[in-house]
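Peer 1: Here's my sequence, what's the structure:
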Amino acid sequence: MNVVNVVVTCTKDKKQPVPEECKLRNVPGNSLRARFKEWQSRINRNKRNRVIVKDLYAGDHWSNVRSFGSAFFEIDIWVCSAGLGLVRFDDLITPYAATFSQNHPDSISAPLSDDERPDAFKQWWQLTSRWKAQFEDRPRSLAALMAAYPNRSLLVAASKNYLRAIADDIRKGLPKLSDPDQLSIVCSGVNSLDGLDANLVPCDARFQAATGGARRSLNTRLANKILREARVPPRASILAARYRKLLRQQPAIQKYDREPMTDDEVRQFILRQLNQNSSLRHTPLLRMLRNKNKACEQKRFSALYREVVESING
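Peer 2: Predicted coordinates for the structure are as follows:
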């Protein structure tokens with residue numbers, strides 16, 4: 001049976017506890033390379049409580065990944081981990097907290113200078129790709145993955161920030177595939193990508209009507225739809241034609257006239273709700289806020305939620 005390589009991104013939500021020294025916010029370094037070297041040391045010191053990749057992450061995004069399937073070909077899942085580089089679904093890894101998302105305390109770019117920040121994601125990904133010791137003979141970059149499996153179709157589902165980090169790696173690997181049409185990329189809202197336009201699957205928020213769920217998990221929901229409906233391994237040209245047509249058939253993006261809130265107002269709302277139910281996560285809390293016709297952007301709400309939780313936990 002044919003095998004399709006599917007590459008997804010990690011998620012900030014974890015099922016397993018993360019050691020404090022394996023949270024990137026706690027890792028010093030006066031340069032990106034120095035910080036990465038210290039990060040490697042900390043991860044290597046914490047091998048005792050390693051878990052399987054598929055069992056580490058949580059949330060809607062990861063639920064979609066775990067449900068990937070096809071009746072017509074096998075699927076081999078790989079994960080672009082901001083903390084560890086390219087890992088496979090069944091690899092054993094140390095629980096960690098690191099992300100390519102911006103405005104997050106564990107972001108790769110959080111403490112960097114203005115000179116370092118523009119290329120930080122790309123440079124960090126390059127450093128993880130050279131990290132061999134913990135992962136035996138696995139491909140450690142997307143280029144290496146494509147070189148190892150030149151005849152497999154490759155479906156990449158990534159957010160804008162993660163795609164920014166891995167795009168050069170994808171470009172480097174594309175010539176290693178038997179046919180560039182074997183590569184398909186799902187990234188909501190990205191309509192053009194230098195050298196990879198022919199590989200982009202049309203996708204934006206309008207597909208929520210077809211896939212359901214939150215926008216933050218739209219990429220993996222669409223990837224799941226592609227995999228479950230395809231009778232042969234995905235080809236970019238076929239997917240582009242099909243999903244461009246399907247996108248035109250979707251209803252317009254719904255706009256809301258919600259009342260904006262200050263940071264303090266949002267914090268107070270979160271605190272009140274957590275005092276009533278301390279187990280509430282930020283996603284259902286944001287839904288509750290919006291149901292009251294109040295406005296708060298998702299990343300901002302998530303950051304404020306973390307602030308409140310950290311203040312409660314002391």
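
Peer 1: C-alpha only now, for contacts and for neighbours.
Peer 2: OK.

Peer 1: what's the burial count for A241?
Peer 2: Using other CA atoms under 10 Å, A241 is surrounded by 12 other residues.

Peer 1: If you count neighbours, what's buried in stretch 129-142?
Peer 2: Neighbour counts over stretch 129-142 (16 or more other CA atoms under 10 Å) mark S129, F135, P139, R140, S141, L142 as buried.

Peer 1: Endpoint to endpoint, that stretch covers what distance?
Peer 2: End-to-end distance for stretch 129-142: 9 Å, by CA to CA, to the nearest Å.

Peer 1: Average pLDDT for it, rounded please.
Peer 2: Summarised as a single mean, pLDDT over stretch 129-142 is 84.

Peer 1: re earlier: what's the most distant pair in the buried residues of stretch 129-142?
Peer 2: The most widely separated members of the buried residues of stretch 129-142, counting by CA to CA, are F135 and L142 (14.6 Å).

Peer 1: of the buried residues of stretch 129-142, closest to A58?
Peer 2: Closest to A58, out of all of the buried residues of stretch 129-142 and judged by CA to CA, is F135, at 22.5 Å.

Peer 1: Enumerate every residue touching the closest one.
Peer 2: Going by CA atoms under 8 Å, 6 or more residues apart in numbering, F135 touches V87, D91.

Peer 1: hmm, 10 Å instead?
Peer 2: By CA atoms under 10 Å, 6 or more residues apart in numbering, the contact set of F135 is L84, L86, V87, R88, D91, L92, I93.

Peer 1: name the helices or strands packed onto the longest helix along the chain?
Peer 2: For the chain, the helix with the greatest residue count under DSSP state H is helix 298-313. Contact partners of helix 298-313 among helices and strands, from 3 or more CA pairs under 10 Å, 6 or more residues apart in numbering; DSSP states H and E: helix 263-276, helix 282-291.

Peer 1: Tell me which residues touch R42, please.
Peer 2: Neighbours of R42 in contact, by CA under 10 Å, 6+ apart: P19, E20, E21, C22, K23, L24, V27, F36, T94, Y96.

Peer 1: Three-state assignment for N5, please.
Peer 2: strand (DSSP: H, G, I helix; E, B strand; the rest coil).

Peer 1: Could you verify my assumption that it touches I75?
Peer 2: Yes: between N5 and I75 there is a contact at 6.1 Å, judged by CA atoms under 10 Å.

Peer 1: out of the contacts of F135, who's nearest R231?
Peer 2: R88 (24.2 Å).

Peer 1: Distance check, the closest residue to P251 other than its chain neighbours against A214.
Peer 2: Distances taken as CA to CA, 6 or more residues apart in numbering put R206 closest to P251, at 6.6 Å, once the chain neighbours are dropped. Separation of R206 from A214 (CA to CA) stands at 12 Å.
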